[in-house]
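>>> sequence and predicted structure below; questions after.
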Amino acid sequence: VFFSCDGCGTMLKKNQVDAHANKCRRCDSVSCVDCSVAFYGDDYRQHTSCISEAERYEKTVYKGSGKNGKKSPQDVWMDLIQNSATTAPSSIQHYMTQLAALDNVPRKPKQFRNFTANSLKLRGGSSQSIVDAMWDYLFQEKEKLMTEKKKQEEQQQEKKKQQQQQQQEKDSKSTNEKENVSKCDNSTIKGEDSEQDERNTAAANDAPELTSKMVTKTIKKVLKKAPKRSMKLKLLRQAVSDKLGADKKARKRLKKLMEEI
């Protein structure tokens, strides 16, 4: 993120703002080059990300870098140094402010100590203890940041797990309801079939037993309506069976009776 001094218009990197503000008497605020928002005092420190020029001008056709705006470890480290410039103990705050104005501060202890000692001219005597205090403070702040980040990730995972569990319970409940409805439908169908079977059985039991006289009478009625009052034996037997409403058992007796007539 780059800023411009609202007093003189100088272009500044984020880690150069404090040093410039100490020199420029007209520097009451700085503005973000990308979003043009003005920041007073130390407010600019909280402005850690912003839209790029490509995103601003290309708008709907902008595809981005594909990293979803994720910061590199070095960017996170530099932001930590920037924030520490205002939160560090008074004994090292001045040196932290100077360090925040530099680029590419090493993240490893040995390289950090060499870089800080050379860049801030902290060599010999009690200077080494100052460098050690700066590293210890930054390391503590980094540990706090990592702990907080881990806590947030665990909370997000727990929330996601709960949502998945709730969805599974919802799906399971829906499946059980469908199965219960299906069982009810099957029971209803079976019940209806059973009732129909009982009615058919009762009807068959209530039907009078076929006699030779009954069959003869029915044959005459059927032949009376037939063309030329004659029919083939198979068709006649079928017609008489339909007329009498004979079941399978009765049809066998009907065939025997018609053969005897």
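Arrived safely, thanks for sending.
>>> for the rest of this, base every contact and every neighbour count on C-alpha atoms.
Will do.
>>> do you have the helices of the stretch 151-261 of the chain handy? List them.
212-225, 233-244, 248-260 (DSSP state H, counting those that start in this stretch).
>>> buried ones in the shortest one?
So that's helix 233-244. L236, R237, A239, V240, S241, L244 (16 or more other CA atoms under 10 Å).
>>> now that helix - C-alpha only, PDB.
In PDB, the C-alpha atoms belonging to helix 233-244 read as follows (Å, rounded to 0.1, in the frame of the first residue of the first chain):
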ATOM      1  CA  LEU A 233     -69.000 -74.800 -27.000                       C
ATOM      2  CA  LYS A 234     -65.900 -72.900 -25.700                       C
ATOM      3  CA  LEU A 235     -67.600 -69.500 -26.300                       C
ATOM      4  CA  LEU A 236     -70.800 -70.700 -24.800                       C
ATOM      5  CA  ARG A 237     -69.100 -71.900 -21.600                       C
ATOM      6  CA  GLN A 238     -67.300 -68.600 -21.300                       C
ATOM      7  CA  ALA A 239     -70.500 -66.600 -21.700                       C
ATOM      8  CA  VAL A 240     -72.300 -68.800 -19.100                       C
ATOM      9  CA  SER A 241     -69.400 -68.400 -16.700                       C
ATOM     10  CA  ASP A 242     -69.500 -64.600 -17.000                       C
ATOM     11  CA  LYS A 243     -73.200 -64.600 -16.600                       C
ATOM     12  CA  LEU A 244     -73.000 -66.600 -13.400                       C
END
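>>> show me where pLDDT drops low in the chain?
Along the chain, segments meeting pLDDT under 70 span 49-69, 182-208.
>>> could you rerun that using 50?
Scanning the chain with the threshold set as pLDDT under 50 gives 53, 62, 65-66.
>>> name the nearest of the buried residues of helix 233-244 relative to P109.
Nearest to P109, judged by CA to CA, of those is S241 at 106.9 Å.
>>> hmm, back to that, output the buried residues of helix 233-244 in CSV; the columns should cover distance to Q74.
Output for these, formatted as CSV (distance: CA to CA, whole Å):
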residue, distance to Q74
L236, 103
R237, 101
A239, 99
V240, 101
S241, 98
L244, 99
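>>> out of the helices of the stretch 151-261 of the chain, which gets nearest to G124?
Using CA to CA as the measure, helix 248-260 is the one of the helices of the stretch 151-261 of the chain that comes nearest G124, at 118.1 Å.
>>> quick one, that closest one and helix 233-244 angle?
Here the directions of helix 248-260 and helix 233-244 differ by 130 degrees (axes from the mean of the first three to the mean of the last three CA atoms, to 10 degrees).
>>> returning to that earlier point: let me have the helices of the stretch 151-261 of the chain in JSON lines, adding distance to M146 as columns.
Converted to JSON lines, the helices of the stretch 151-261 of the chain look like this (distance: least, CA to CA, whole Å):
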{"stretch": "helix 212-225", "distance to M146": "100"}
{"stretch": "helix 233-244", "distance to M146": "90"}
{"stretch": "helix 248-260", "distance to M146": "86"}
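>>> helix, strand or coil for R26?
For R26, the assignment made with DSSP: H, G, I helix; E, B strand; the rest coil gives coil.
>>> who's in contact with it?
Listed by CA atoms under 8 Å, 6 or more residues apart in numbering, the contact set of R26 reads D6, G7, C8.
>>> likewise for M231?
So M231 contacts L223 (CA under 8 Å, 6+ apart).
>>> and the strands in this protein?
Ranges of strands within the chain are 2-5, 11-13, 29-32, 38-40, based on DSSP state E.
>>> related to what we said a few turns ago, among the helices of the stretch 151-261 of the chain, which is nearest Y44?
For the helices of the stretch 151-261 of the chain, the distance to Y44 is smallest for helix 248-260, at 97.6 Å, taking CA to CA.
>>> ok, back up a step: turn the strands of the chain into JSON lines, including mean neighbour count.
Listed next are these as JSON lines, based on neighbours: other CA atoms under 10 Å:
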{"stretch": "strand 2-5", "mean neighbour count": "21"}
{"stretch": "strand 11-13", "mean neighbour count": "17"}
{"stretch": "strand 29-32", "mean neighbour count": "22"}
{"stretch": "strand 38-40", "mean neighbour count": "16"}
